[in-house]
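# predicted model follows, preceded by the sequence.
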Amino acid sequence: MGLLGRITRLHVLAAGCVAFIAVGVVCAVLVFRPRLDTLRNTRMQVNTQMAKAQELPKALTNLAEAHAALLVTKGKFDVILAKQPKLTVNDANQAAFDLWREYGPLGTGTILTRWFLSHGYVVRGIAIPAPPLPPVQIPPLISLPMSGFGLTARDFSTAMRFLKGTADIPRLFLITNMNVSASGGRGGWLDVPMSSTVFIITQNAVPATPTAVAAAR
Amino acid sequence: MIKINLLPAYVLERHLVRRTAMLMGAVIVAQAVAVGFALVQLSGAQQEADVRLKHWTDKANEVSTVQNQANTERSAAGPFQAWVDFVNNLHTNNAKWAWLYEEISKWVDNKVVLRTMNASGQTVTLTGATDSLESAKRWYLNSFMCYLYGDVKLQVQVPSWTAPSAGQPAAVGGGPGAGGLRFTLGQPGAAGLQLGPASAAQLTPPSERTPVTLTCTLKPQFLIIPPAAPTAGGQVTQGVGAGRGVPAGPRMPVAPGAPGAVTGAGGPPTPATPGGGSMFRPRRRGG
């Protein structure tokens, strides 16, 4: 009898169990574990993406709100621009003449003077400074400082009414300083000198980027 | 019948060993089959998960696209909003001047006739005249309770008095260069009241015989800061006419006695009664 003759059932049984366990361990470690990890990761990604995808209604609502806000804001800006002279930098030559016209006798000075007169305000010092020559580059906001501007009012409430009603002036009018002095004793006039600036917003104040144009539609 | 095993024991043992080995082999084979089956199942689950992942990833990308589009629209509204805000702030700035002067005038005493009101930076200078020192004092003390001011200084131009010398009329008047009240009393029986160098004093009504100057320091929150102008891109860069150095703009109007108003002893401060001597007294509704 050789070596095989000494092998008993217990030996075979032990060897079988060892092989069974070894195969199981090898399969679990080398085959199942990586695949299970991959599957688990994939399912986690699915959950993440699913949670994000469920934000679609909210995102669509936000988009609609943003679009509406853009339209409203642009509408307000268009209303402001509509009150401004049509100064554009698309055509440099045309822009130069438009700008000179705005500084000229048919421009801001005359418009302001007529408006003040038509509303019963006695003003002085509407002086538009000389235009830039040549206006090579028109800024988005043209400021015309009027340091000698002043109002002559019959009473205090008229002066205050003027200050509160500057939004109706056909140009953007900013008061940076002012004082009030009386002249002529009781029943006299009030002199209200103001440091003021007239602003003109050009039509190209907001650059027409493709995204802005597309978004505004 | 009796069955007798005459075979040697090792024959039986070999038989049992062989059967055990076959059994273990079958077990191993079954294990391999189970492993294969599990692998097939696992692959199927993985494929299903991949399909679902692709589906939901597409949906999530759609959400990202919509979110990016919303952000683009919001940023596109920024430049427009900057200009709209600038124009609104510009109008508000002008109205704040009206509010400030109206509030200042509310705290002017009835007996004070104002000549100038000047709010420059943080300093408010009010010049005028009163009928007496008492009125000036009342205005001064009342201004201390005004919620607009952090500090108040009063200057009163009191006429000087000179004792009459023999044969000369008594003289009451301001000092050299004072420019205030100046008049000369005449002797009885002479020409009566004789006007001195400042003949305008004769024209000054009694209610304006004491020139006063009230210099107040505005609290920083009531400073009026001009709005900042946006650039071409709609970004705010610097204030128009800035340089006052106070970052905060003026607050909304605060009524005397309201939270934020300075209160003194003996109850909340009250502005001077309207309808007094100030030329700047604003007209009130219903009054």
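Thanks, I have the structure now.
# all strands for the chain, in order.
By default, I'm working from chain A. Assigned by DSSP state E, chain A shows strands spanning A:122-124, A:141-146, A:150-153, A:172-183, A:189-201.
# wrong one, I was asking about chain B
Under DSSP E, chain B gives strands at B:113-120, B:123-130, B:149-156, B:160-162, B:171-173, B:182-184, B:210-218, B:228-230, B:236-239.
# find the nearest non-adjacent residue to residue B:50, please.
Nearest residue to residue B:50, sequence neighbours excluded (Cβ to Cβ, 6 or more residues apart in numbering or on different chains): residue A:42, at 6.4 Å. From N, CA and C alone the C-beta is placed, and that goes for glycine too.
# quick one: residues contacting the one you found.
Neighbour list for residue A:42: B:46, B:49, B:50, B:53 [criterion: Cβ atoms under 8 Å, 6 or more residues apart in numbering or on different chains].
# indicate which one of the strands of chain A is closest to chain B.
The closest of those to chain B is strand A:172-183. By Cβ to the nearest Cβ, the value is 3.8 Å.
# list the buried residues for that closest one?
For strand A:172-183, burial by neighbour count (16 or more other Cβ atoms under 10 Å in any protein chain shown) applies to A:172, A:173, A:174, A:175, A:176, A:177, A:178, A:179, A:180, A:181, A:182.
# equivalent analysis for stretch B:132-147, please.
Counting neighbours by 16+ other Cβ under 10 Å, one finds that the buried residues in stretch B:132-147 are B:135, B:136, B:138, B:139, B:140, B:142, B:143, B:145, B:146, B:147.
# can you redo the strands of chain B as TSV with distance to chain A, mean neighbour count and mean pLDDT?
Compiled in TSV, these are given as follows (distance: least, Cβ to the nearest Cβ, whole Å; neighbours: other Cβ atoms under 10 Å in any protein chain shown; pLDDT from 0 to 100):
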stretch	distance to chain A	mean neighbour count	mean pLDDT
strand B:113-120	4	20	90
strand B:123-130	8	22	92
strand B:149-156	17	16	90
strand B:160-162	25	12	69
strand B:171-173	21	18	44
strand B:182-184	18	19	29
strand B:210-218	13	21	91
strand B:228-230	5	22	84
strand B:236-239	10	12	44
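# between those strands, which one is closest to residue A:199.
Among the strands of chain B, strand B:228-230 comes nearest to residue A:199, with 7.6 Å by Cβ to Cβ.
# please name the strands paired to the closest one in the sheet, noting orientation.
With DSSP bridges as the test, strand B:228-230 is paired with strand B:236-239 (antiparallel).
# neighbours around residue B:55, how many?
Residues near residue B:55, counting by other Cβ atoms under 10 Å in any protein chain shown, number 14.
# show me chain A divided up by domain.
What automatic domain parsing lists as the domains of chain A is A:4-54, A:85-201.
# in the stretch 1-150 of chain B, what residue lies closest to chain A?
Distances between the stretch 1-150 of chain B and chain A by Cβ to the nearest Cβ are smallest at residue B:24, namely 2.8 Å.
# residue contacts, the closest residue to that residue other than its chain neighbours?
Nearest residue to residue B:24, sequence neighbours excluded (Cβ to Cβ, 6+ apart): residue A:16, at 2.8 Å. Neighbouring residues of residue A:16 by Cβ under 8 Å, 6+ apart: B:20, B:21, B:23, B:24, B:25, B:27, B:28.
# from residue B:27, how far off is residue A:16?
Look at residue A:16 and residue B:27: by Cβ to Cβ, to the nearest Å, they are 6 Å apart.
# how about residue A:105?
110 Å.
# so which of the two has more stuff around it?
Neighbours per residue (other Cβ under 10 Å) separate residue A:105 from residue B:27, with residue B:27 holding more: 15 against 8.
# ok, the more buried one touching residue A:21?
No - between residue B:27 and residue A:21 there is no contact under Cβ atoms under 8 Å: 11.2 Å.
# intersection of neighbour lists for these two?
With Cβ under 8 Å, 6+ apart, residue B:27 and residue A:21 have no common neighbours.
# and residue B:93, how many neighbours?
By other Cβ under 10 Å, the residues close to residue B:93 number 22.
# what of the one 4 residues further on?
Residue B:97: 23 surrounding residues under other Cβ under 10 Å.
# look up which residues are beta-bridged to the nearest residue in space to residue A:129 that is not next to it in sequence.
Residue nearest to residue A:129 in three dimensions, not counting chain neighbours: residue A:144, with 6.2 Å by Cβ to Cβ, 6+ apart. Beta-bridge partners recorded for residue A:144 (DSSP bridges): residue A:198.
# and residue A:144, what pLDDT?
At residue A:144, the model reports a pLDDT of 87.
# ok, it - contacts?
Per Cβ under 8 Å, 6+ apart, neighbours of residue A:144: A:108, A:128, A:129, A:197, A:198, A:199, A:200.
# brilliant, that's me finished.
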